[in-house]
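Asks: Mind folding the following:
(one chain, ligands or ions: 2)
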Amino acid sequence: MSQTAFISIGDLRRGRPALAETLPETGGGCGTSGGAGKSSCGSSAGPEDMPAEIWDKVKNHPCYSEEAHHHFARMHVAVAPACNIQCHYCNRKYDCSNESRPGVVSQKLTPDQAVKKVLAVASAIPQMTVLGIAGPGDSLANPKKTFETMSRLQQEAPDIKLCLSTNGLALPDWVDEIVKYNVDHVTITINMVDPAVGAKIYPWIYHEHRRYTGVEAATILHQRQMLGLEMLTARGVLVKVNSVLIPGVNDAHLIEVNRAVKARGAFLHNIMPLISEPEHGTFYGLNGQRGPTAQELKAVQDACAGGANLMRHCRQCRADAVGMLGEDRSDEFTLDKIDEMAVVYDIDKRRAYQQQVEAERARQHQAKVDALAEAFDAGLTRDDMKLLVAVATEGQGKVNQHFGHATEFQVYEVGAGAATFVGHRRVDLYCQGGYGEDEQLPSIVQALGDCHAVLVAKIGACPRDELQAAGIEPVDRYAHEYIEKAALAWFADYRERIASGAIVHQARGDARIRQGAYTGGTEAAA
Ligand code: CLF
Ligand code: SF4
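Replies: Ligands and ions are numbered 1, 2, ... in the order given. Model prediction:
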């Protein structure tokens, strides 16, 4: 029977109580993350927030640690083409929507080719620390290929962390294998804990040689997902739950999902926007089901405060992605190119390089802590005003990118003496090698529509004017400053200008989440 207390996105925006108030505390929670009761983004946590053995697992996993994703890379190998369920947001002509950006077809690999590719990437990108199997179908609907790949890599590249993503239907059958091959990070896509909601997302599943449909299918899937999650966390495997936010279908229901997965020990919950462009040919795309706006996504994420810790830096990568999150170097490692490479998998060299990266990360972290201490101590504001600011950055935690070079902006919420990372916005590249592509400006402005300011290292006159006309303040006076410090300084200045009557504060609107493939490559921004 349905236990769903359905709250709409509109209710959330109007201030209906969040998870911590609406749902009883379940106890238990994540037995390993140390995140119980915290409302902060768990993936932002550091070594002081969790047991040493957990920190050891997450510190260089770019998805499980927000900080790590600025320093370490991951790669996926597309060895799992088949799937055992149908999601209304998936068209299997494309990569798995659970873990991918639809519209780009994978080069499917045999385990042999996959191992070869991993060794080639590992030798070329020494900070690549994690190998994931995330489709293009379901990793556990292709267990032979998945575990053959994992088994070989455990032998041939023992320093690489193994990670897989699954819809969970077959999961309980493969927990022993997952543990056997040291796959200590598993993502389960869980979009519902109420089969009545599930029936609107999954038309069918294929289980134990039989096809099931409707609520019966969703009930089986739900039970298998919960069982698999419990089995993994009992064995010490770190589990992240991905949920696709589908407005009008499971939006506020995801608060209940968050509670349920926390109670079963999930380490992180990653709530992702539905991608449903009609040209992708999915059921939802063809039937007018829209994805959420940026503010709708944030409202659901914020409403989960107090439940399982949230991941907010997911880039919804392809099933054959290679590189840092947000960049894709898979084109450099096609099979024909790998054949021509001199692959030298030198584990000692990799370790030495990663130690340097780790030392640099620690140095940057400490410099940032020192720089921010004063800004936070200043107690700049103690009222409830909160604003969003967008930031152009190419790393090191600093405002250090030109507006025209950004293919995404980091978004921070500023207020009450705190500046908190809340997400990112993809945009098309404005600068096209020496000139600005003005046709891109309206879509960039739309992507930042809910932000009061955009902090950049530099910006040209044309985008400056366009942003100002849209009520977004372009700010380049904090170039090369730490992001949080810059955001707090801008906020203090903004408050002073309001107090002096120089400006009148106005609420912002919503923002559009960029869907589909980029039209400008990251290499063009270099
Ligand atoms: Fe890949 Fe997923 Fe492992 Fe990461 S991705 S299998 S946990 S190594 Fe990461 Fe990509 Fe988001 Fe996935 S950013 S889509 S959460
Ligand atoms: Fe597609 Fe992945 Fe869903 Fe399977 S689990 S139907 S591959 S989105």
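Asks: ok, so what distance separates the nearest residue to M324 once chain neighbours are set aside from A392?
Replies: Spatially, and ignoring its direct neighbours in sequence, M324 is nearest to A73 (4.9 Å; Cβ to Cβ, 6 or more residues apart in numbering). Bear in mind the C-beta positions are built from the backbone N, C-alpha and C, glycine included. Remark: distance between A73 and A392 (Cβ to Cβ, to the nearest Å) = 21 Å.
Asks: Which one of the two is surrounded by more residues?
Replies: Taking other Cβ atoms under 10 Å, A73 and A392 do not tie; A392 has more neighbours (26 against 23).
Asks: Quick check: phi and psi at the residue nearest to M324.
Replies: Main-chain dihedrals, A73, degrees, to the nearest 10: phi -110, psi 160.
Asks: How about Y206?
Replies: Torsion angles, degrees, to the nearest 10, at Y206: phi -120, psi 110.
Asks: The one 10 residues further on too?
Replies: Reported as degrees, to the nearest 10, the phi and psi values for E216 are phi -60, psi -40.
Asks: which residues touch it?
Replies: Shown in contact with E216 (Cβ atoms under 8 Å, 6 or more residues apart in numbering): no residues.
Asks: Check what pLDDT it gets.
Replies: Per-residue confidence (pLDDT) for E216: 98.
Asks: and it, how far is that from ligand 2?
Replies: To ligand 2, E216 is 18 Å away according to Cβ to the nearest ligand atom, to the nearest Å.
Asks: got it, and I220?
Replies: Shown here: I220 relative to ligand 2, a distance of 14 Å by Cβ to the nearest ligand atom.
Asks: so who does that residue touch?
Replies: So I220 contacts L169, I205, H207, Y212 (Cβ under 8 Å, 6+ apart).
Asks: who wins for neighbours among those residues?
Replies: Within the contacts of I220, neighbour counts (other Cβ under 10 Å) peak at L169, which reaches 25 neighbours.
Asks: so how far is N191 from that one?
Replies: Taken as Cβ to Cβ, the span from L169 to N191 is 13 Å.
Asks: Could you do H88 as well?
Replies: 10 Å.
Asks: ok, these two, which is more surrounded?
Replies: More crowded of H88 and N191, by other Cβ under 10 Å: N191, with 31 against 23.
Asks: Validate this expectation: that one resides in a helix.
Replies: No: under DSSP: H, G, I helix; E, B strand; the rest coil, N191 sits outside any helix and is assigned coil.
Asks: If I follow the layout properly, it ends up in contact with I201?
Replies: Yes: counting by Cβ atoms under 8 Å, I201 is a contact partner of N191 at 5.3 Å.
Asks: which residues do these two both contact?
Replies: Joint contacts of N191 and I201 (Cβ under 8 Å, 6+ apart) are C87, I246, N250.
Asks: about what we covered before: what touches both of H88 and N191?
Replies: With Cβ under 8 Å, 6+ apart as the test, H88 and N191 both reach I201.
Asks: Quick check: residues of the stretch 201-350 of the chain near ligand 1?
Replies: By the rule Cβ under 6 Å from any ligand atom, the part of the stretch 201-350 of the chain lying against ligand 1 is K240, N270, C314, R315, Q316, C317, L325.
Asks: and what of the chain?
Replies: Near ligand 1, when you scan the chain using Cβ under 6 Å from any ligand atom, you find 63, 74, 76, 99, 130, 132, 134, 163, 165, 185, 187, 240, 270, 314-317, 325.
Asks: For the residue of the stretch 151-300 of the chain found nearest ligand 2, give me its contacts.
Replies: For the stretch 151-300 of the chain, the residue closest to ligand 2 is N167, as judged by Cβ to the nearest ligand atom, at 3.9 Å. Residues in contact with N167 (Cβ under 8 Å, 6+ apart) are C83, N84, I85, C87, N98, D138, I188, T189, L221, Q225.
Asks: Swap in 6 Å and give it another go.
Replies: I85, D138, T189 (Cβ atoms under 6 Å, 6 or more residues apart in numbering).
Asks: export those to TSV and tack on neighbour count?
Replies: What follows is the contacts of N167, written out as TSV (neighbours: other Cβ atoms under 10 Å):
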residue	neighbour count
I85	25
D138	28
T189	24
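Asks: What about ligand 2: which of these touch it?
Replies: I85, D138.
Asks: Quick check: which of the contacts of N167 has the minimum pLDDT.
Replies: Minimum pLDDT across the contacts of N167 falls on D138, with 93.
Asks: For V118, give its distance to R74.
Replies: 11 Å.
Asks: Next: Q86.
Replies: Distance, Q86 to R74, by Cβ to Cβ: 27 Å.
Asks: okay, these two: which has more neighbours?
Replies: Taking other Cβ under 10 Å, Q86 and R74 do not tie; R74 has more neighbours (27 against 19).
Asks: Isn't the more buried one up against P62?
Replies: Yes: contact status for R74 versus P62: in contact at 5.2 Å, counting by Cβ atoms under 6 Å.
Asks: thinking again about what came up before, in helices, which of the contacts of I220 appear?
Replies: Using DSSP state H, no member of the contacts of I220 sits in helices.
Asks: Which of the residues of the stretch 201-350 of the chain next to ligand 1 ranks first by neighbour count?
Replies: For these, the largest neighbour count, defined by other Cβ under 10 Å, is 26 neighbours, found at K240.
Asks: In its sheet, which strands sit next to the one helix or strand it maps to, and in what direction?
Replies: Assigned by DSSP states H and E, K240 belongs to strand 238-245. Strand 238-245 has the following strand partners under DSSP bridges: strand 183-189 (parallel), strand 268-273 (parallel).
Asks: phi, psi of the closest residue in space to A406 that isn't next to it in sequence?
Replies: Distances taken as Cβ to Cβ, 6+ apart put A392 closest to A406, at 4.4 Å, once the chain neighbours are dropped. Dihedral angles of A392 (phi, psi; degrees, to the nearest 10) stand at phi -100, psi 120.
Asks: contacting residues for A392?
Replies: Counting by Cβ under 6 Å, 6+ apart, A392 has contacts Q401, F403, A406, F409, V456.
Asks: Run a quick neighbour tally on the last one.
Replies: By the measure other Cβ under 10 Å, the count of residues near V456 is 27.
Asks: ditto for the second one
Replies: The burial metric for F403, expressed as a neighbour count using other Cβ under 10 Å, is 25.
Asks: do you know how far the nearest residue to it once chain neighbours are set aside is from H405?
Replies: Using Cβ to Cβ, 6+ apart and skipping the chain neighbours, the partner closest in space to F403 is I459 (4.0 Å). Using Cβ to Cβ, I459 is found at 10 Å from H405.
Asks: again with E216
Replies: Separation of E216 from H405 (Cβ to Cβ): 52 Å.
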